[in-house]
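Colleague: I would like the atomic coordinates for the input below:
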Amino acid sequence: MPVYSHEIQTHSRHELLDITEIITADLRKSGVVDGLCVVFIPHTTAGVTINENADPSVKRDILTKLGSLIPQQDNYHHLEGNSDAHLKASLLGFSETLLVREGQLILGVWQDVYFAEFDGPRRRTFYVSIMSDAR
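Modeller: Next comes the predicted model:
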């Protein structure tokens with residue numbers, strides 16, 4: 001089961017970076033035709049999500065709504081000043097599992113995979129694991 005490690009640089013405190021092409025390249029390298037692809041984010045202030053790829057305002061709307069639901073400053077107890085980032089990352093989650101069929105990720109026509117940064121800018125790592133369906 002191939003596991004690929006990637007480093008990316010985020011550029012702002014909150015952002016969604018499209019990582020679909022990186023994942024697709026890993027899938028091609030793996031040679032897996034049918035199976036599963038897991039994307040894992042090993043950080044407590046960053047996550048991963050699948051959402052629309054056509055209109056960039058969707059990414060802005062997601063970040064804006066998360067910011068209004070979980071403001072940067074509130075009555076938090078965590079002393080590092082990034083409690084909001086921990087909460088936002090927990091809400092989105094730290095992994096996504098994608099289906100692979102005929103060597104392609106199964107995503108909706110308007111879907112891509114996004115690395116969600118909530119405490120940047122930072123140098124971040126994420127992992128892609130691709131498992132073959134051994135029928």
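
Colleague: For the longest helix along the chain, list every residue counted as buried.
Modeller: Secondary structure of the chain per DSSP state H: the longest helix is helix 57-69. Neighbour counts over helix 57-69 (16 or more other Cβ atoms under 10 Å) mark 59, 62-63, 66 as buried. To be clear about C-beta, it is placed using only N, CA and C from the backbone, and glycine gets the same treatment.

Colleague: low-scoring stretches of the chain, by residue?
Modeller: Applying pLDDT under 70 to the chain flags the ranges 135.

Colleague: what about the residue nearest the centre of the chain, which SS state?
Modeller: Centroid-nearest residue in the chain, with Cα atoms, centre = their mean: Val48, separated by 2.3 Å. Put simply, Val48 is strand when judged by DSSP: H, G, I helix; E, B strand; the rest coil.

Colleague: helices or strands next to the top strand by length along the chain in the packing?
Modeller: Across the chain, the longest stretch assigned as strand under DSSP state E is strand 123-132. With contacts taken as 3 or more Cβ pairs under 8 Å, 6 or more residues apart in numbering; DSSP states H and E, strand 123-132 sits against strand 3-9, helix 20-30, strand 35-40, strand 111-117.

Colleague: Mind listing the strands that strand pairs with, and their directions?
Modeller: Taking DSSP bridges as the criterion, strand 123-132 forms sheet pairs with strand 3-9 (antiparallel), strand 35-40 (antiparallel).

Colleague: and it, which residues are buried?
Modeller: 124, 126, 128-131.

Colleague: Equivalent analysis for stretch 3-18, please.
Modeller: Buried residues in stretch 3-18 (16+ other Cβ under 10 Å): 4, 6, 8, 10, 13-17.

Colleague: which residues touch the spatially closest residue to Leu92 that is not a sequence neighbour?
Modeller: Closest residue in space to Leu92, ignoring its immediate chain neighbours: Gly47 at 3.6 Å, by Cβ to Cβ, 6 or more residues apart in numbering. By Cβ atoms under 8 Å, 6 or more residues apart in numbering, the residues touching Gly47 are 41, 88-94, 116, 118.

Colleague: Just the residues you listed: which are in helices?
Modeller: Among the contacts of Gly47, the members falling in helices (DSSP H) are 88-92.

Colleague: who wins for most neighbours among those residues?
Modeller: Compared across the ones in helices among the contacts of Gly47, Lys88 has the highest neighbour count, 25 neighbours, by other Cβ atoms under 10 Å.

Colleague: Understood, closing this out.
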